[in-house]
Structures are given as structure tokens and as C-alpha cells.
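Undergrad: Have a look; sequence and predicted model below, questions after that.
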Amino acid sequence: MKSKNLSENILKVIKSNGYKYIDLDTVIDTNLILERSGENFRRFIFSFNDQLGNELCLRPDLTIASCVRYLNNNKKTSEKIFYSGQAFRKGLNKKDSVIRSQIGFEILGSFTEKSDDKKIIETSLKALSKIKYKSGNLVIGNIEIFRILLDKLDCPARWKLRLQRHFWREKYFNDLLKRLETNSDIDPTIVEIDKKKYSKMINGNQKKEVAGRSIEEILLRFDTKIKDPRRTKKGSNVVKILKEYLKIECPINQASKKLNLFFKKNKINLRVQDDYFPITKNKINKLNVRFNSSFGRHLEYYTGLVFKIDIKSKSEKLNIRGGRYDTLIKDLGFKKNIPAVGAAINLEKI
């Protein structure tokens, strides 16, 4: 089956499940991207200036383009939408294509979380009915569990925020764990110098600015560190628990049991219900279904459910990636969080 015909058939399946087709802007405001993803993300995008000097970029992700549309239209109600097109994004691997053809479908304003999560996965599975394959894999994770676990641990608040913020940057996240575990980045000489600076600043003009911040702000940061210090023993235990959590991988029907045993062993007041995950069967539509606690680190905006489906046929390779992103629309400029969940289908010729 040709990829074009397959794409058209998949679009028909999505439409028949109550999703409305929309067109997305190819070009979006670069600042919207950089304000939420950071200046370092600039290396992954194709940006340029228009005739008025405004910096624009080719959409690096169709989900972001869809959320920008929702934001610009000042939507306040729930909508089920789908779209198709190309995203333009550089990768870390120079051999990766910078143009990705995708089909996406979303529920924006998703106020019935568990029900909508299940609908997105069900729509993904129905899309597979248009391609012949012998087997595949469905991996399910949940970023929310990591966030709640982190909140329960005895760790300085600033470190919790740091670990949560950089969870999707695996290498840097592991570097942070090493620092937390060993205090290897703390130089006693620098600590003594900082104490002297603190004493000098507290007796000086606190409205004066240093490197864009007032002395008052710097002192507040010092004060927070003093009241909530990082201790080696506690840091080591936190890292041990997090590393153990991130190794949990099992068939989906064992996920709640494995997680609850982990929580009990580490004396963490958490419990996952048997129906927490949208799928509880180990096999569905020729797919092996597994839980992976560390999955979901490939995109920084996921906040809850994450999943991926990978299959191969004789002529096509199809993968579906999706999840929940309840803070993305607010990060792009909306005044409050708008819960959302969706998925993107990538179809490649083999």
C-alpha cells in the first residue's frame, strides 16, 4: 500500500471518531518557542526575520502549532481536532531528516482526563487497522507519577524543581543526580567566600543590581539555601530511590503492583490504583503492552500519560507518539492551564 493512500485512510478513521480537521500555520513566532523551551532550543529550529524585523520560525512540532492556534483563537471550550502536515526540526543526529510528515489528533480542553487519555489511545489503535502487520509494541509511562514521587522525597525544594524541569534532558538529569548524591560540586573554599559576600551585601544597598538582579533578590536566594541546605546523606538516599524507580519496567498488568511494592519498600505514602492506566491488558491488537517508568523523556512538555506504538510491515514503518500536556498552552501565553492530550503518527517508507 502506498504511503499516500495509507495516510488518507488513517485520516478517514480519525475523522470517523469525531475529530474535526483543521489547518495549521506553517510559520509561528520564535519567541513563543524560546520562552518556554529556552534559548538552547534555538539550535533545533529554522528561524528568520520578516520585513518588520519580527523573528519567526518554521513550526518545529505540530502539537505546538495546534496549541498556538488554540491560544490565538482564545478558545475556552473543549475541541477534538486532527491535522496533517510537516514539522521542521533539526535533530542531534545529523543523519535524521529535518522534515517530518505527521498526522496528529488532539483533545484540547480535556477536562475528563482518564476518559480522554483512553480515547486517544483507542483512536491510535484504530488507525493501525489500516496497515497490515504481524506484531508491535505499545509502551506506556506517566510523568505525573515521577512528579508526585519527587514531591514526597526529603530533598530541598529548589532541587525538586530542578530535577523536574530537566527530567527530559537525560544526560543533564543524570549529572544533577550525581551532584545531589555526592555534593561533588560544592567547594568549601567557595562556600567561605560566599559567606563573606553575604555578610557584605546584607549591610549594603540592597536595591543595587548585580548581573540583572537586585542585591535583595540575591540575598533571598542565599537565605533559601541556608534554610534548606543540601545534605550528602539525604541526597544519596533520594538519588537511590529515583534510580530504582526509573528502572521499573514490566508488562502493563503488573505495573500497579510493582509500583506499590516500590512505594512500600521505600516508605513513600503513595498508591497506584489497578485502573490508573488506560490499558490493563498485556496484549492488544497484536501489540505487546508494557509499562516503563523512564519513558516520556523525549519531549519536555508532557505532564501525565505518555505512550508510543511501534510496528513494521513489509513496506512501511509506523510509529505513534502521544501523551498529556496540561501546561503547554499556558506556557505559550494563555492565562491559565488548559488540559490537553493528543498523539502524532509518523509514517516512513522502508
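TA: Cool, the structure landed. Remember, it's a predicted structure, so these values are computed and weren't measured experimentally.
Undergrad: wait, what's in contact with the nearest residue to Ala340 once chain neighbours are set aside?
TA: Closest residue to Ala340 apart from its sequence neighbours, by C-beta to C-beta, 6 or more residues apart in numbering: Leu108 at 4.8 Å. Every C-beta, even on glycine, is put in place using the N, C-alpha and C of the backbone. Counting by C-beta atoms under 8 Å, 6 or more residues apart in numbering, Leu108 touches Ser66, Cys67, Tyr70, Lys75, Ser78, Glu79, Ile81, Ile329, Ile338, Ala340, Gly342.
Undergrad: element containing the first one?
TA: Okay, so that is Ser66. Here Ser66 is covered by helix 62-72, with elements defined by DSSP states H and E.
Undergrad: helices or strands up against that helix?
TA: strand 27-29, helix 30-37, strand 79-88, strand 99-108, helix 328-331, strand 340-349 (3 or more C-beta pairs under 8 Å, 6 or more residues apart in numbering; DSSP states H and E).
Undergrad: Could you tell me how far the shortest one lies from the centre of the chain?
TA: Going back to what we said before, that points to strand 27-29. Its chain's C-alpha centre lies 21 Å from the corresponding centre of strand 27-29 when counted by C-alpha atoms, centre = their mean, to the nearest Å.
Undergrad: Check which helices and strands it sits against.
TA: If contacts are counted by 3+ C-beta pairs under 8 Å, 6+ apart, strand 27-29 sits against strand 55-58, helix 62-72.
Undergrad: Would you format those as JSON lines with distance to Gly136 and mean neighbour count included?
TA: Output for the helices and strands packed on strand 27-29, formatted as JSON lines (distance: least, C-beta to C-beta, whole Å; neighbours: other C-beta atoms under 10 Å):
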{"stretch": "strand 55-58", "distance to Gly136": "31", "mean neighbour count": "18"}
{"stretch": "helix 62-72", "distance to Gly136": "23", "mean neighbour count": "21"}
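Undergrad: Select from those the stretch with the lowest mean pLDDT.
TA: Mean pLDDT across these is lowest at helix 62-72; the value there is a mean of 92.
Undergrad: Okay, angle between it and strand 79-88 too, please.
TA: 130 degrees (axes from the mean of the first three to the mean of the last three C-alpha atoms, to 10 degrees).
Undergrad: just to revisit the earlier point, and Tyr19, which of the helices and strands packed on helix 62-72 is closest to it?
TA: Among the helices and strands packed on helix 62-72, the nearest to Tyr19 by C-beta to C-beta is strand 79-88 (4.1 Å).
Undergrad: buried sites along the closest one?
TA: By 16 or more other C-beta atoms under 10 Å, the buried positions in strand 79-88 come out as Glu79, Lys80, Ile81, Phe82, Tyr83, Ser84, Ala87, Phe88.
Undergrad: go on, stretch 155-165?
TA: Buried, per 16+ other C-beta under 10 Å, within stretch 155-165: Cys155, Pro156, Trp159, Lys160, Arg162, Leu163.
Undergrad: how close does Ile140 sit to Cys57?
TA: Using C-beta to C-beta, to the nearest Å, Ile140 is found at 32 Å from Cys57.
Undergrad: beta partners for Lys80?
TA: Lys80 has the following beta-bridge partners by DSSP bridges: Ile107.
Undergrad: roughly how far apart are it and Tyr21?
TA: Lys80 is 11 Å from Tyr21, by C-beta to C-beta.
Undergrad: helix or strand for the residue positioned nearest the centre of the chain, which one?
TA: Nearest to the geometric centre of the chain sits Tyr302, at 2.8 Å (C-alpha atoms, centre = their mean). Counting by DSSP H and E, no helix or strand carries Tyr302.
Undergrad: my read: it touches Asp326, true?
TA: No - assessed by C-beta atoms under 8 Å, Tyr302 is found out of contact with Asp326, at 9.3 Å.
Undergrad: Nearest to Phe291 among the contacts of Leu108?
TA: Gly342 (20.6 Å).
Undergrad: Let me know how buried the closest one is, in neighbour terms.
TA: By other C-beta atoms under 10 Å, 25 other residues sit near Gly342.
Undergrad: And Lys118, by the same measure?
TA: 16.
Undergrad: Check whether it really touches Pro278, as I assumed.
TA: Yes - using C-beta under 8 Å, Lys118 is in contact with Pro278, at 4.2 Å.
Undergrad: Tell me where the model's unsure across the stretch 51-200 of the chain.
TA: 183-196, 198 (pLDDT under 70).
Undergrad: just to revisit the earlier point, report the inter-axis angle for the helix holding Ser66 versus helix 30-37.
TA: Using the same axes, to 10 degrees: helix 62-72 against helix 30-37 is 110 degrees.
Undergrad: in the helix or strand where Arg290 lies, what counts as buried?
TA: Taking DSSP H and E as the criterion, Arg290 maps to strand 287-292. Neighbour counts using 16+ other C-beta under 10 Å place Leu287, Val289, Arg290, Phe291, Asn292 of strand 287-292 among the buried residues.
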